[in-house]
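In: predicted model and sequence below, questions to follow.
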Amino acid sequence: MHVPIGYKFILGFVVVVATVAFVPTLVNALGYSPEMTSILTYVVALTTGLILGWIFSRTLSRNIGVITSSTEAISQGDLTREISVRHSKFPDETQEMALAINLMAESLREVVRHIRDASTRVSESARTLSSSALEINASTEEVADAIEQISHGAESQAEMVGRSSKVIHEMAISVELVAKRAKESAKAARDTSVTAQRGVELANDSLALTKNFFADVEQSSRQFAELNNKLQQVGKIADFIAEIARQTNMLALNASIEAVRAGEFGKGFAVVAEEVRKLADGASKSAAEIIELIGQLKEESHRVHDTFAESSRHIKEGKKNIDTTADAFQAIVQTVLETERKANSIADLSQMQTDGAQKMVEAIDEISRVAQDNAASTEQVSAATEEQSAAMQEMVLSCKELADLADELLQSVSRFKIPAEETTAL
Amino acid sequence: MTDEGGRLLIFWVWEERYALDVQDVAEVLEPAREYPIPRSPRFLRGVANVHGSLIPVLDLALYLGHGVTGPGRELLVLNRPETALALAVEHVERIVTSDAVMGEEAVAGELATRRLILADGPAKMLAVEPILAAVEEAIRQ
């Protein structure tokens, strides 16, 4: 039963009063004198009051002592202890105070635990954050470097692109020149083609002339054969004349012999016979000359024939050469036509190339512009990364400060002792 | 026989010129077909048909100790009624008068004893008698 401490003192007072009131009666009953009775009454009342006061104050002071020591320990930072006051049948405010202090200690333990936990976490997080920030800083620096390189690259790219544009422009001019030359080549090829065509015609004319010549040669050969036949006939006639001359000669000889045999009468006849013989002799000689001449003619004609044959052979070879020449000219015409076609194709392609080069120049110019923009952008990015880097540095410092703060906090709560298992549970 | 106004027949045998008195020659003939005479000496080439009479043909070149008379030969029919004989010679050149003989010289030999000097070269004068005798002898044998 809860009895407030005031009530206890009031009860003690009431008991002392009651003692004072009733003890004289009891002492009277024992027969003591009134003085004795008064003395005894005071003694009993005082004793009762002392006893009750001791009883009450003992519990109270003990509990207060426990509470004081506990609060002192708490004030020293020891939160491990639990205040335990003796159980009383009549608990008073000290009991409640002990309970309240226990609750406070519990709350404090909770707070310290939370603070420790939080500060540790904050410290760790701050460290992590710091290292992350450092990493980020490093990365940012790398990014800055990279961006600087990119910036340089973009600048050189812009420059290169400028040069490329120039080169391509020059190339376009060259290509135009190539187109011009190709057109000239095509024209030259056409001229060559015409000339070669003329060559073919000339070769064909030569072939026709050669054919005519062959026909003439054949004609001459036939005429020659005829001439030879006639010569043969003349030879035969000459042979016949020679034979007649021989026989006439013989007849003349015989006539001479007859004339000799006739003696004086035959003399005139002998002269005639001699004349006949001479004539026959002359005829024979002439025939022999004719035969010789015919022989010479035959020889000559053979030589001429041989010469003709040789010439024919040469001309045949020449004809073959002309054929080859005509073929060669034909091949030249074909090749030249092909060349012309190719040259025209080159000219067309060159034109296309020129157009392409023009477009390429435009594209390169565009690329140049973009590269310049890129260079500018990378410079901006570079500046931004530098700012970011500075911010990161600041953040690192802040993190450090935060970690220090967390450490300080931890330090400050470290003087609070809390039960070990709970600490380890943290 | 080289009397004034006489005539000589000039002919060739084996690239040598010979002469005969025209009086000794009856006829100059084309070579006719010859028929061989059995068991006769080699210089008798055979017999030929001359105007219907069979006349022995003597190869003069063979007889003179040369080779056989080549082709293109002519026959000299001798003018001897007692002995008919034709001489195969290579070529009868011509008849010359004895005036054309500028001189003569003697040569050793049975058939030709003299060499006549003509304007166009020498010609051996052929003796007919020994030939005839030899032929007769041969035929007789």
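Out: All right, it came through fine. Numbers count the residues shown, from 1 in each chain, chains lettered A, B, ... in the order given.

In: can you list the residues of the stretch 151-300 of chain A near chain B?
Out: Within reach of chain B by Cβ under 8 Å from any Cβ of the partner chain, the stretch 151-300 of chain A has these residues: A:Q247, A:M250, A:L253, A:N254, A:S256, A:I257, A:V260, A:R261, A:A270, A:E274, A:R277, A:D281. Glycine gets a C-beta too; all of them are placed from N, C-alpha and C.

In: and these, which of them are in strands?
Out: Among these, no member falls in strands (criterion: DSSP state E).

In: who touches the most centrally placed residue in chain B in this structure?
Out: Chain B has B:L87 as the residue nearest its centroid, 4.7 Å off, counting by Cα atoms, centre = their mean. Residues near B:L87 by Cβ atoms under 8 Å, 6 or more residues apart in numbering or on different chains: B:V57, B:L58, B:L60, B:L75, B:L76, B:L78, B:I131.

In: dump those residues into CSV; add pLDDT, neighbour count and distance to A:A215 as well.
Out: Output for the contacts of B:L87, formatted as CSV (pLDDT from 0 to 100; neighbours: other Cβ atoms under 10 Å in any protein chain shown; distance: Cβ to Cβ, whole Å):
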residue, pLDDT, neighbour count, distance to A:A215
B:V57, 89, 25, 60
B:L58, 87, 26, 64
B:L60, 85, 23, 61
B:L75, 87, 21, 57
B:L76, 88, 27, 60
B:L78, 87, 20, 66
B:I131, 84, 21, 68
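
In: for these, which one is nearest A:Q223?
Out: Taking Cβ to Cβ as the measure, A:Q223 lies nearest B:L75 of the contacts of B:L87, at 45.6 Å.

In: packing partners of whichever helix or strand A:L108 is part of?
Out: In this structure, A:L108 sits in helix A:93-262 according to DSSP states H and E. Under the contact criterion of 3 or more Cβ pairs under 8 Å, 6 or more residues apart in numbering or on different chains; DSSP states H and E, helix A:93-262 touches helix A:34-75, helix A:267-414, helix A:420-425, strand B:7-13, strand B:25-29, strand B:91-97.

In: against which helices or strands is the longest one packed?
Out: It stands for helix A:267-414. helix A:93-262, strand B:91-97.

In: winner for burial among the ones you listed?
Out: strand B:91-97 (a mean of 19; mean count of other Cβ atoms under 10 Å in any protein chain shown).

In: what lines up beside that strand in the sheet?
Out: In the sheet, strand B:91-97 lines up against strand B:7-13 (antiparallel) (DSSP bridges).

In: what's the top helix by length along chain B packed up against?
Out: Using DSSP state H, we find that the single longest helix of chain B is helix B:128-140. When contacts are defined as 3+ Cβ pairs under 8 Å, 6+ apart, helix B:128-140 packs onto strand B:44-50, strand B:53-59.

In: 7 Å instead, please
Out: Secondary-structure packing of helix B:128-140 (3 or more Cβ pairs under 7 Å, 6 or more residues apart in numbering or on different chains; DSSP states H and E): strand B:53-59.

In: which ones are touching the nearest residue to A:S284 once chain neighbours are set aside?
Out: Nearest non-adjacent residue to A:S284, counting by Cβ to Cβ, 6 or more residues apart in numbering or on different chains: A:A245, 3.6 Å away. Contact analysis of A:A245 by Cβ atoms under 7 Å, 6 or more residues apart in numbering or on different chains lists A:A280, A:A283, A:S284, A:A287.

In: any idea which of the contacts of B:L87 is closest to B:L44?
Out: Nearest to B:L44, judged by Cβ to Cβ, of the contacts of B:L87 is B:L58 at 5.9 Å.

In: my guess is the closest one contacts B:G46, does it?
Out: No: applying Cβ atoms under 7 Å, one finds B:L58 not in contact with B:G46, separated by 10.0 Å.

In: what does the pLDDT read for the residue in the stretch 101-250 of chain A that chain B sits nearest to?
Out: Nearest to chain B, among the residues of the stretch 101-250 of chain A, is A:M250, at 5.2 Å (Cβ to the nearest Cβ). On pLDDT, A:M250 comes in at 86.

In: was I right about it contacting B:E27?
Out: No: taking contacts as Cβ under 7 Å, A:M250 lies outside contact range of B:E27: 9.2 Å.

In: the closest residue to A:A238 other than its chain neighbours: how many residues sit nearby?
Out: Spatial nearest neighbour of A:A238, excluding adjacent residues (Cβ to Cβ, 6+ apart): A:I290 at 4.0 Å. Residues lying near A:I290 (other Cβ atoms under 10 Å in any protein chain shown) number 18.

In: same check on the one 4 residues further on?
Out: The burial count assigned to A:I294 is 20, neighbours taken as other Cβ under 10 Å.

In: mind listing what it touches?
Out: Here A:I294 is in contact with A:L231, A:V234, A:G235, A:A238 (criterion: Cβ under 7 Å, 6+ apart).

In: widest-spaced pair of those residues?
Out: Greatest spacing in these, by Cβ to Cβ: A:L231 and A:A238 (9.9 Å).

In: still on that earlier bit, pLDDT score for the residue nearest to A:S284?
Out: In this model, A:A245 is scored at 87, pLDDT.

In: give the contact list for B:N79.
Out: B:N79 neighbours (Cβ under 7 Å, 6+ apart): B:Q23, B:D24, B:V25, B:A26.

In: could you find the closest non-adjacent residue to it?
Out: Closest residue to B:N79 apart from its sequence neighbours, by Cβ to Cβ, 6+ apart: B:A26 at 3.9 Å.

In: one step back: which two among the residues of the stretch 151-300 of chain A next to chain B are spaced furthest apart?
Out: It's A:R261 and A:D281 that sit farthest apart of those, by Cβ to Cβ, at 22.0 Å.

In: pLDDT averaged over stretch A:104-111 - what is it?
Out: If you average the pLDDT values across stretch A:104-111, you get 87.

In: give me the contact list for that stretch.
Out: A:I74, A:L79, A:I418.

In: one more: stretch A:247-254?
Out: A:A273, A:V276, A:R277, A:A280, A:D281, A:S284, B:E27, B:V28, B:V92, B:I95.

In: closest to B:V13 among the residues you listed?
Out: B:V92 (10.7 Å).

In: what about the stretch 101-250 of chain A, any weak spots by pLDDT?
Out: Applying pLDDT under 70 to the stretch 101-250 of chain A flags no residue at all.

In: highest neighbour count among the contacts of stretch A:104-111?
Out: Of the contacts of stretch A:104-111, with other Cβ under 10 Å as the count, A:L79 tops at 23 neighbours.

In: that one and A:I418 touch, don't they?
Out: Yes: between A:L79 and A:I418 there is a contact at 5.1 Å, judged by Cβ under 7 Å.

In: in CSV, list the contacts of stretch A:104-111 along with pLDDT.
Out: Converted to CSV, these look like this (pLDDT from 0 to 100):
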residue, pLDDT
A:I74, 85
A:L79, 82
A:I418, 80
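
In: ok, for B:V101, nearest residue in space, not its chain neighbours?
Out: If the residues on either side of it in the chain are set aside, B:V101 comes closest to B:L116, at 5.0 Å by Cβ to Cβ, 6+ apart.

In: how about that neighbour, secondary structure?
Out: strand (DSSP: H, G, I helix; E, B strand; the rest coil).

In: so who does it touch?
Out: B:A19, B:V101, B:E104, B:P122, B:A123, B:M125.

In: pick the one among those closest to A:S164.
Out: B:P122 (121.3 Å).

In: what residues does chain B put near chain A?
Out: B:R7, B:V22, B:Q23, B:V25, B:E27, B:V28, B:V92, B:R94, B:I95 (Cβ under 7 Å from any Cβ of the partner chain).

In: pLDDT weak spots in chain B?
Out: When residues are selected by pLDDT under 70, those of chain B lie in B:1-5, B:70-72.

In: what's the neighbour count on A:Q76?
Out: Count around A:Q76 with other Cβ under 10 Å applied: 11.

In: and it, how far from A:R62?
Out: 21 Å (Cβ to Cβ, to the nearest Å).
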